[in-house]
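>>> 3D, please:
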Amino acid sequence: MVHSLRAYHQTPQLRGTPHTGQSQSLIHRLDQDHPPAVPPEASACVGITISIARHERARGHHRAPCNAGVQSSLQACDGKKVALVPTMGYLHAGHLSLVESARKCADVVVVSIYVNPTQFRVGEDFDAYPRDVEGDREKLRAVGVDVAFEPPSLYTPAPTQASTSFVVGQDGHTPGAHETFVQVEELQKGLCGITRPHFFRGVATICTKLFHIVEPDVAVFGRKDYQQWRIISRMVRDLDFDIEIIGMPLKREEDGIAMSRCPAHLLLHPQCLPARYQATPNHASVPAAISRNVRLTPDERKRALSISKGLKWAQAAVAEGVTEAPTIRTKIVNMISEAGGTVDYVEICHAENLNPVDAFGPQDTIIAIAAKFGSVRLLDNIEIAKDPAAAA
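Okay, the predicted model is just below:
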């Protein structure tokens, strides 16, 4: 493990204000509060200096002290494999499992924590999205993360703009503000892209920026957000990023429900919620962003298990020789509907290009589900490998 990492700072110039000699933390050293003994070979840092220097130059800012260490940092980090786990913070066990996977395939693990405004549209409560900086840092320390990358903003606003100005659907555009976005044209169209057409543009753009800044060798994503994982994989291929994208299987809670932004035990431990929600009776006003699963009533949660049960049934049915996709789809829709859910979509698609398929067998297939119980929209999926005999 790399114990000693440089901490770099964002100066006020980056925020468009006069330089006062003060700085705002951009990179947080997870060992800085309780630094361990540093072995000589671990005194080199991740090559974040290089990326931050280029990041600032690209935005028209020049920092000679930072740029002066670029070459030495490259040499010091030579041979170290860096993994990035992009997150929006408020970390749960699913995120930490991605960190554990990253640790297995890299020497240095960087976790980014950034609530990205371009993934939200007006009315989706960007301001209410939970932030728990110190709690996230403690969790990351516990699993051996080397660096938490916590940029206050990754877009270029006019000096008077707040970050909410980049929430999709705002009126007008300020001259000189950020206007470049990345879209993966076809993969973003179906599934969740139908009801949230802005979302994957924001995801692709922020991941592009993170990849340029951190310059990882590996980036780790969860396959619960299956379409997102495929979109980032395609973007990396098409834009010639020299990054390996790893998709880890989704994590389930004990009763089988797919793990969401927070595990369900938060219901029993309200102190784990941000302070402004702890005194709320039954957490009634907790925003959807905190956790889809937490916001299910006990009855809704029981009925929502029809989603995972439907996926398990489908997997068994295909194993027993059922190949017609419409038959499988209709059965799953009925199971969810009979349990009181509202189906957004149940789609059976080619696992790589996400085009709908008529039959299982010749290709790897994904069954992807989005459904609502009460006001809570849940996502789940299962991958079914191709039948070698059918593919022959």
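
>>> Which residue ranges of this protein form helices?
Along the chain, the stretches classed as helices by DSSP state H are 48-58, 64-68, 70-76, 93-105, 133-142, 192-195, 199-214, 226-238, 275-278, 298-319, 325-338, 388-391.

>>> name the helices or strands packed onto the fifth one?
What it means is helix 133-142. Where contact means 3 or more C-beta pairs under 8 Å, 6 or more residues apart in numbering; DSSP states H and E, helix 133-142 is packed against strand 108-113, strand 147-149. In short, each C-beta sits where N, CA and C put it, glycine included.

>>> Okay, buried residues for that helix please.
For helix 133-142, a neighbour-count test (16 or more other C-beta atoms under 10 Å) marks Asp136, Arg137, Lys139, Leu140 as buried.

>>> Now distance to Ile367 too, for the helices of the chain, in a markdown table please.
Shown next, in a markdown table, are these (distance: least, C-beta to C-beta, whole Å):
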| stretch | distance to Ile367 |
| --- | --- |
| helix 48-58 | 39 |
| helix 64-68 | 48 |
| helix 70-76 | 45 |
| helix 93-105 | 20 |
| helix 133-142 | 32 |
| helix 192-195 | 15 |
| helix 199-214 | 20 |
| helix 226-238 | 10 |
| helix 275-278 | 34 |
| helix 298-319 | 6 |
| helix 325-338 | 7 |
| helix 388-391 | 17 |
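
>>> Minimum distance to Asn353: which of these has it?
Across these, Asn353 has its closest neighbour in helix 226-238 (8.2 Å, C-beta to C-beta).

>>> if we can go back for a sec, just name the most buried of the helices and strands packed on helix 133-142.
Mean neighbour count (mean count of other C-beta atoms under 10 Å) peaks for strand 108-113 among the helices and strands packed on helix 133-142, with a mean of 27.

>>> Give the pairing partners of that strand; include direction for each.
The pairing partners recorded for strand 108-113 under DSSP bridges are strand 82-87 (parallel), strand 147-149 (parallel).

>>> if we can go back for a sec, compare the helices and strands packed on helix 133-142 and report which one is nearest to Ala339.
Ala339 sits nearest to strand 108-113 of all the helices and strands packed on helix 133-142, at 35.7 Å, using C-beta to C-beta.

>>> what's the distance between Arg377 and Val343?
Here the distance between Arg377 and Val343 works out to 11 Å (C-beta to C-beta, to the nearest Å).

>>> now Gly79
For Gly79, the distance to Val343 (C-beta to C-beta) stands at 51 Å.

>>> Which of those two has more residues huddled nearby?
The neighbour comparison of Gly79 against Val343 (other C-beta atoms under 10 Å) goes to Val343, with 16 against 7.

>>> Identify the bridge partners of the more buried one.
Using DSSP bridges, the beta-bridge partners of Val343 come out as Ala371.

>>> ok, now the one 4 residues further on?
Using DSSP bridges, the bridge partners assigned to Glu347 are Ala368.

>>> re the thing from before, columns distance to Ile328 and mean pLDDT on top of the strands paired with strand 108-113, output as TSV?
As requested, the strands paired with strand 108-113 are arranged in TSV below (distance: least, C-beta to C-beta, whole Å; pLDDT from 0 to 100):
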stretch	distance to Ile328	mean pLDDT
strand 82-87	33	96
strand 147-149	42	90
